[in-house]
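Asks: Pasted the sequence and its predicted model underneath.
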Protein chains: 2
Amino acid sequence: MPHGPETWQSSELRQALFAPRSIAIVGQSNDAGKTAGRPLKYLRQAGYAGRIYPINPGRESVLGERSWPSLAALPETPEHAYIVAPTDAAVAAVAECGRLGTRVATLLADGFAEAGTDGAARVDRLRGICAQTGIRVVGPSSLGVVDLRSKALITANAAFDEEDLPVGRIVVASHSGGMIGALLSRGKARGIGFASLVSVGNEVDLSLGEICALTLEDPGIDGYMLFLETLRNAQTLRHFALAAAERGKPIIAYKLGRSTAARELAVTHTGALAGEDDVATAFLAGCGIARVDTLDGLLEGLPLLLRVPAAGGVPRMRVGVVTTTGGGATTAIDPMATRGVAIEPPGADTLRRLSAAGIEVKPARLVDLTLTGTRYDAMKAALDILTTAPEFDLVLCVVGSSARFYPELAVRPIIECVGAAKPIAAYLTPDAPEALMALSRAGVPSFHTPEACADAIAAALRRRAPARMQIDDAARARATAAAPSVPSRTTRLLSELEARALLARRGIVSAPSVVLDAHISTAPALPFPYPVAVKALAAELAHKTEAGGVMLNVADGDALIAACRHIREKVAATGPRVERVLVQPMIFGLGEVLIGYRADPDVGPLVMVAVGGIFTEIYRDRSLRLAPIDIAGAHEMIGELRGIATLAGLRGRPKGDLAALAQAMVALSTLADDPSILEIEVNPLIVLPEGSGVVAVDALARVV
Amino acid sequence: MPHGPETWQSSELRQALFAPRSIAIVGQSNDAGKTAGRPLKYLRQAGYAGRIYPINPGRESVLGERSWPSLAALPETPEHAYIVAPTDAAVAAVAECGRLGTRVATLLADGFAEAGTDGAARVDRLRGICAQTGIRVVGPSSLGVVDLRSKALITANAAFDEEDLPVGRIVVASHSGGMIGALLSRGKARGIGFASLVSVGNEVDLSLGEICALTLEDPGIDGYMLFLETLRNAQTLRHFALAAAERGKPIIAYKLGRSTAARELAVTHTGALAGEDDVATAFLAGCGIARVDTLDGLLEGLPLLLRVPAAGGVPRMRVGVVTTTGGGATTAIDPMATRGVAIEPPGADTLRRLSAAGIEVKPARLVDLTLTGTRYDAMKAALDILTTAPEFDLVLCVVGSSARFYPELAVRPIIECVGAAKPIAAYLTPDAPEALMALSRAGVPSFHTPEACADAIAAALRRRAPARMQIDDAARARATAAAPSVPSRTTRLLSELEARALLARRGIVSAPSVVLDAHISTAPALPFPYPVAVKALAAELAHKTEAGGVMLNVADGDALIAACRHIREKVAATGPRVERVLVQPMIFGLGEVLIGYRADPDVGPLVMVAVGGIFTEIYRDRSLRLAPIDIAGAHEMIGELRGIATLAGLRGRPKGDLAALAQAMVALSTLADDPSILEIEVNPLIVLPEGSGVVAVDALARVV
């Protein structure tokens, strides 16, 4: 990965991908109406200046040009081959390309990662060719690699069948081939242009992150727009994202999978696993990637990221709104506020300055110019005042009907404020395509719908600078070890005693306990008073409670003997033999939480906190972060739990020791330095009153 | 309200509003750049054929036309007056209009409902004029009344300053004047036209519901598009909605106020109270109005409502999706699924029929034509099959890049299927304005963004036929009685004993109880065993627990005496004297819920159910409906509570008596027949095991 200066290899690969001097089209059809007929047509139409070699063994010519019978027959080795032949012929063509020394092959065919056993064999074959010959592969299932600057339109996507393609400074990378076309045409309509657009397909060799990383040193690139269906190859994506953050090149991403139905489709469609959606959110946030929820937010949001720097600490999300239309502005305010953006009213000093400038506004969360009228001077003065007022982190300007035919009234002043001290954004309530284009061309973040506006503003303000990867090698090792292809028998469930020891080494206190023979017939002296909890102690017993392996509130010695017998019999009925039990005092704190760590097969080390009990499951009230975290991060995670109110003094309740909880989370998250730990869950962790700490009373751990 | 055949009065009023033969513009300016200069310009530009009388006492002519010094000087009484003069002059002009016999005055000025005491006095003055003279008023703060058919552009909204306004069959009514302009221009860009657009302003006389109701018998109107900032005048809106439902004319609404910030703005902006958002949701649903969350959903959603009939019983929300682009389709599937729409995979029979038609699809939730290719015949065959398959309630067609330049491939077949047995909808992934226009003109519900598509589909499928209002007069009486202008001293809090009696009369069982003198010094015999709960019995003691008026788990007679003393002393410290206590057995069921009824000042009788305990508050896990409800409605409400899982057998827990809970909710909701009941809350209602019922253990009621 190009963390440091660009290497010779990556420079050569970048050229072969995005600006090759020669392109072979393997399987080029003579019918421009067919998918396999498009690449030659589009390259010619765009005026690509390099050499093109259509290859079609069945014909002398295609689309009026000479065609070649094979790659071997060409007068030179093409730098880039777009292989639009069917699956098996495509694999053979990649092999031939590799043998001849072609640098990159982009594959259109499907029948690989998403296609079961046969597909997996083809993937292995492709990877073998890459390893042996040094060729790099984009795809399979790639609709192509397009660079609008070099006019290398190496694509079969029908969206490129037009003139005046919008050239710009953005790289688009997408798991979906269709979406590069959708973004292209929608961008054109909005005055948003692109440098390159890549359909990365199934990423059997070059991953989305690697492809994007190749362009990091390109001074013609300002930022990245990602359309993600999965988090396959998350580690290369993360490396790219960190390198992009270092270079001040923002990344905006739309990730499918908010719903189970969409995640299920991603599996059938891409052959990749689909993790839970909040894992994706935590991962992207940890990478400093702004995740949006709307397609227009993806398309329109990047200029905002170029103006709003990623937050170093806790993000500040105070937005001032100025408008010529109260109702219209509220349509943007409503979705911003539901996304956690604070709609900040103008302060006393700002109101004074507005008044001094002759702008009459009612005291409200909104600077509404309706009374003053839609006038250039009023909007200009209001923007000058708001963008220098300390109470706002961003100023949103919502312009009503005038934007359609009289942009000189309220749109021109926005364009003139593009370099203001605070970031500004604009939403226009009417259909006003020309004003939007003018705003976009001037670099003003601007939006056609209130929902995309709110989505992008929230995503931009929430974005953080990513933490450096402290444990690259360990993470990479674990990512491999934990990959789904590793059979589960190589992992091992720790006994509760071992899990407690693991916690103790990280400074997390467990309840005192003693281990007893499960066959006791006389009650031993215990180092703590009754009532006690009695639990089966056996590795490979993941669900102790469900198996009948836990007895709570055991009142005295006789009850303890009975509990041991009961547990032995119950567990043995469906699980392992129970030779020993763990006995611990019943601990009643102010409440229970669950904290967990896992080496996620997609995104790597994660730490989690959730409110304990049945409600965690029902309300999915949990917070996730990439591990490790610091103490501030732990407090933020705790603050994200709605249910934590019960431990934070709600309605006069006593406060729990949330500082100790945060410390325990930080401690747990340091397990990211140990590749042997796959997951550990402390459930429950009892939260004692403020100053009294937290106590783990049960833990489950899986290790390699 | 025109429930029956149109009356002569409403017909006359309709004409004066939407197609007047003469219009006076009071305060018309000579400067067309000013707001008060626009109405004359727009009327002339549109080619309005009636008589126009500009009134400007300071000038002989305005914008090159003769102007008149006063209303009295006109050669006839104008049917409609648009009053664009400042606030106080405007009130005088309305009085003059009333005196002369003008049918309708539309008021631009503000300074009324939203403007404190002075404003309230002006509102009273306007209402007095209406009552005395019979004139009807639109506004104040109305940007106008527009009818594109009669070319009566009685408006100062700059959005109407253009030619080729899109005429159609939809009425727009909006609390925001700016939004009628935004919808007009956005509709024009999308091929969506309008019959009338009304900025209803502050509704001091004619309400939004009344204005819309005037057009119910108009055969040129297909449906209604509402932009709502408040639920002021909810009862006339409901009457209109019920009448529209009877006539098969659907209503789609966007209601601001999902966030607290937006609700707060609505108050400053319109002077109306802002209820909680889920109250608005329950109200609109109860009226059979489809509520959307996106502005484009509002604009584009109505054709869907014209095809999807409102559900009679539980809505069926199974959508089949056919596409030429897997990734693009998933962008629509994701937000549909998160909104509760079931993405239904094709059944075995459908797969067979597809295969027989030569369409090769992988088994998935999606009929993906990628393998088959983007072809007219394939899409046509797929749609023919899907729209006749029993497993779908609606078919969504997502078309990729081809939609932009080759609509004959996959868009034409959709247009040809507009009359299919099942409703269809289309989302086009590229920017394809012409194809979208063609779809809209053909009446195919079609969408430019996946989010609006999902929003509108979910809203359409979720929509129900409204229940008839069983208690019109009572509701109206209560709506008046409970209006915020009635001082709170006219209402009374019932004692717990009275509240229990009220519940008992509706068949809701309370825990057994006895009333004791709070000063007892010897323990009485109780008709139930210890432990017991002891509660202060006093009217006007709303928060017994907080006041120290409740002791739980009282173990025996001595403890009972002590509890009485404790309660007397605690409550007296801050509240009323406690002379009596209520004693009841401790009842432990499987869990607690809260059920409530209230006569909401905006929307009228409402019934509510929530999961009990602290989590109701934290997770806002509650369900609301307009009261009364039937047993099916009660079960649906229960099903909407996520937390009810704890009482419904989650993880092997015993099941609670949810049938009894539903019966209790129905019983509570029948309080809608008693206008004296303002609110009652049963908290907690203990849910016993299946078959054992539910028991109210505490209740709070407020009556007039």
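Replies: Nice, I can see it.

Asks: CA atoms for contacts and neighbours, from now on please.
Replies: Will do.

Asks: any idea which element the spatially closest residue to A:Arg149 that is not a sequence neighbour lies in?
Replies: Computed as CA to CA, 6 or more residues apart in numbering or on different chains, the closest residue to A:Arg149 that is not its neighbour in sequence is A:Ala195, at 6.1 Å. In this assignment (DSSP states H and E), A:Ala195 forms part of strand A:194-199.

Asks: State the mean pLDDT of that strand.
Replies: Strand A:194-199 shows a mean pLDDT of 98.

Asks: For the stretch 351-500 of chain A, which residues are neighbours of chain B?
Replies: For the stretch 351-500 of chain A, the contact set with chain B under CA under 8 Å from any CA of the partner chain comprises A:364-366, A:400-402, A:404, A:429-431, A:449-451.

Asks: Please apply the same query to the stretch 551-700 of chain A.
Replies: With CA under 8 Å from any CA as the criterion, the stretch 551-700 of chain A meets chain B at residues A:Ile614, A:Phe615, A:Ile618, A:Tyr619, A:Arg642, A:Gly643, A:Ala645, A:Thr646.

Asks: Now go through those residues and say which are in helices.
Replies: Counting by DSSP state H, these place A:Ile614, A:Phe615, A:Ile618, A:Tyr619 in helices.

Asks: Where does pLDDT dip in chain A?
Replies: Within chain A, the stretches with pLDDT under 70 are A:1-6, A:8, A:268-274, A:469-489.

Asks: if we look at stretch A:46-58, which residues are touching it?
Replies: Residues from elsewhere that reach stretch A:46-58, judged by CA atoms under 8 Å, 6 or more residues apart in numbering or on different chains: A:20-29, A:40, A:62, A:66-71, A:74, A:78, A:150-153, A:163.

Asks: Name only those of these that count as buried.
Replies: A:20-29, A:40, A:62, A:67-71, A:78, A:150-153 (16 or more other CA atoms under 10 Å in any protein chain shown).

Asks: Pick out the residue in the stretch 151-300 of chain A sitting closest to chain B.
Replies: The minimum distance from the stretch 151-300 of chain A to chain B, using CA to the nearest CA, falls at A:Ala182 (4.0 Å).

Asks: Dump the helix or strand containing that residue to PDB, restricted to CA.
Replies: Applying DSSP H and E as the criterion places A:Ala182 in helix A:177-190. This file holds the C-alpha atoms of helix A:177-190, laid out as PDB (Å, rounded to 0.1, in the frame of the first residue of the first chain):
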ATOM      1  CA  GLY A 177     -21.300  -1.200 -12.100                       C
ATOM      2  CA  GLY A 178     -24.600   0.400 -12.800                       C
ATOM      3  CA  MET A 179     -24.100   3.100 -10.200                       C
ATOM      4  CA  ILE A 180     -21.100   4.600 -12.000                       C
ATOM      5  CA  GLY A 181     -23.500   5.400 -14.800                       C
ATOM      6  CA  ALA A 182     -26.200   6.700 -12.500                       C
ATOM      7  CA  LEU A 183     -23.700   9.000 -10.800                       C
ATOM      8  CA  LEU A 184     -22.300  10.200 -14.100                       C
ATOM      9  CA  SER A 185     -25.600  11.300 -15.600                       C
ATOM     10  CA  ARG A 186     -26.900  12.800 -12.300                       C
ATOM     11  CA  GLY A 187     -23.600  14.600 -11.800                       C
ATOM     12  CA  LYS A 188     -23.800  16.000 -15.300                       C
ATOM     13  CA  ALA A 189     -27.300  17.400 -14.600                       C
ATOM     14  CA  ARG A 190     -26.000  18.900 -11.400                       C
END
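
Asks: for it, the distance to its chain's centre please.
Replies: 21 Å (CA atoms, centre = their mean, to the nearest Å).

Asks: And for stretch A:134-141?
Replies: 24 Å.

Asks: outside of that stretch, which residues touch it?
Replies: A:97-98, A:101-110, A:112, A:129-130, A:177, A:199-207.

Asks: Please apply the same query to stretch A:281-293.
Replies: In contact with stretch A:281-293 (CA under 8 Å, 6+ apart) are residues A:238, A:241-242, A:245, A:250-255, A:298, A:310, A:455-456, A:459-460, A:462-467, A:603, A:624-626.

Asks: Sitting in helices, which of those do you find?
Replies: Judged by DSSP H, the subset of these located in helices is A:Arg238, A:Ala241, A:Leu242, A:Ala245, A:Leu298, A:Asp455, A:Ala456, A:Ala459, A:Ala460, A:Arg462.

Asks: Can I get the residues you listed in CSV including neighbour count?
Replies: Below are the ones in helices among the contacts of stretch A:281-293 laid out as CSV (neighbours: other CA atoms under 10 Å in any protein chain shown):
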residue, neighbour count
A:Arg238, 22
A:Ala241, 26
A:Leu242, 23
A:Ala245, 19
A:Leu298, 24
A:Asp455, 25
A:Ala456, 33
A:Ala459, 25
A:Ala460, 29
A:Arg462, 22
